[in-house]
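Novice: I need the structure of the sequence given here:
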Amino acid sequence: MYTVSQAAALSGVSKSTLRAWERRYGIIHPSRTEGGYRLYDAGQVALLREMAARVEGGMRAAQAAASLAGASLDGRQVGGHAGRPDGDDHADGHDRVAFDLVEAVVSLDPRRLADTVDGALDSREFEQVVRTWLMPQLHRIGQAWARGEISVAQEHQITAELMRALSHLFHEAPDRGGPTALVGLPPGARHELALLAFATCLRRLGSRVIYLGADLPPDDWRAAAIRSQARVAVVGAHCGTDAAGATEVAAALADLSPLVPVWSGGSAARQVTGASPLPDDVVEAAHHLHRALLGGRA
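Specialist: Residues are numbered from 1 along each chain as shown. So this is what the prediction gives:
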């Protein structure tokens, strides 16, 4: 029998992913010690390893779980459920209703909020989720806060949960090397969910991305660009104040040699002086910059 850490190491699946698969798809059912700790047998480890191989081969986790339902890796049948189906019947509007973050956070159930985020991100390809669920949900959260439907604390709770999940997906994407893109926010800017989604899309395309996070002073941008030998910098700007800070970042990078072109993203991207605006759509912006990096135009 193996502990969760041992099962994760043997299967090549992170502990958080292992627990998520167990919770969402029910494909494994570990026993428990008297103290409540999970224990996995060799058959369950083999199942985890097989599911991980199928996900790495291009299947979504829900597809992999469905394909393993009823399988026998050690003489025992795999039971459980396969989560949501992977057809188009849950696209767009249905996703937004089924995975409503405002409804989840109002319930005051942290587990429900985590399940809502994880379920949405696992329901489709990440790029589709960004377009059809994440960005509309961020807009809905802003509206709900403005109407007083959720508190500042609840908005922070949603943000923290999304940052957790997006950070995991960002680091899960392979680093294939190549030209480096710095991605972050200017001084004073803190709304980074859309920017992290962009960085994750860009990394999934194969670009090397260093995510710098929020509220970064111009001098730190400059130091990071020099140390990393960055090919390009992407700074987010969602309001006029952000645009002013992003302009300072662009100025700090303007005299570097070799040149580090600055691109801007967000609703105030076109107000940034010294930067080239990216397309408004997060996924399209990632593809645009990736093509520029590949073509040596960034």
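Novice: The closest residue to residue 14 other than its chain neighbours is in what secondary structure piece?
Specialist: Residue nearest to residue 14 in three dimensions, not counting chain neighbours: residue 8, with 6.0 Å by C-beta to C-beta, 6 or more residues apart in numbering. No exception for glycine: its C-beta is placed from N, CA and C like everyone else's. Under DSSP states H and E, the secondary-structure element containing residue 8 is helix 4-11.
Novice: buried set for that helix?
Specialist: 4, 7, 8, 11 (16 or more other C-beta atoms under 10 Å).
Novice: one step back: ok, now which ones touch the residue nearest to residue 14?
Specialist: Listed by C-beta atoms under 8 Å, 6 or more residues apart in numbering, the contact partners of residue 8 are 14, 15, 18.
Novice: So which of those are in helices?
Specialist: 15, 18 (DSSP state H).
Novice: okay if I get the contacts of residue 8 as TSV plus neighbour count, distance to residue 100 and pLDDT?
Specialist: TSV is the format used below for those (neighbours: other C-beta atoms under 10 Å; distance: C-beta to C-beta, whole Å; pLDDT from 0 to 100):
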residue	neighbour count	distance to residue 100	pLDDT
14	15	27	81
15	14	28	78
18	24	27	82
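Novice: List just the nearest of the contacts of residue 8 to residue 128.
Specialist: If you rank the contacts of residue 8 by distance to residue 128 using C-beta to C-beta, residue 14 comes first, at 23.2 Å.
Novice: what are the phi and psi angles of that closest one?
Specialist: Main-chain torsions, residue 14, degrees, to the nearest 10: phi -60, psi 160.
Novice: Distance of it relative to residue 59?
Specialist: Distance, residue 14 to residue 59, using C-beta to C-beta, to the nearest Å: 17 Å.
Novice: And what about the residue lying closest to residue 251 once chain neighbours are set aside, helix, strand or coil?
Specialist: With sequence-adjacent residues excluded and distances taken as C-beta to C-beta, 6+ apart, residue 251 is closest to residue 274, at 6.1 Å. Three-state call for residue 274 (DSSP: H, G, I helix; E, B strand; the rest coil): coil.
Novice: For residue 274, the count of nearby residues, please.
Specialist: 16 (other C-beta atoms under 10 Å).
Novice: That one and residue 268: what is the separation?
Specialist: 14 Å.
Novice: Residue 137 contacts residue 104, doesn't it?
Specialist: No - using C-beta atoms under 8 Å, residue 137 makes no contact with residue 104, being 10.2 Å away.
Novice: No more questions from me, cheers.
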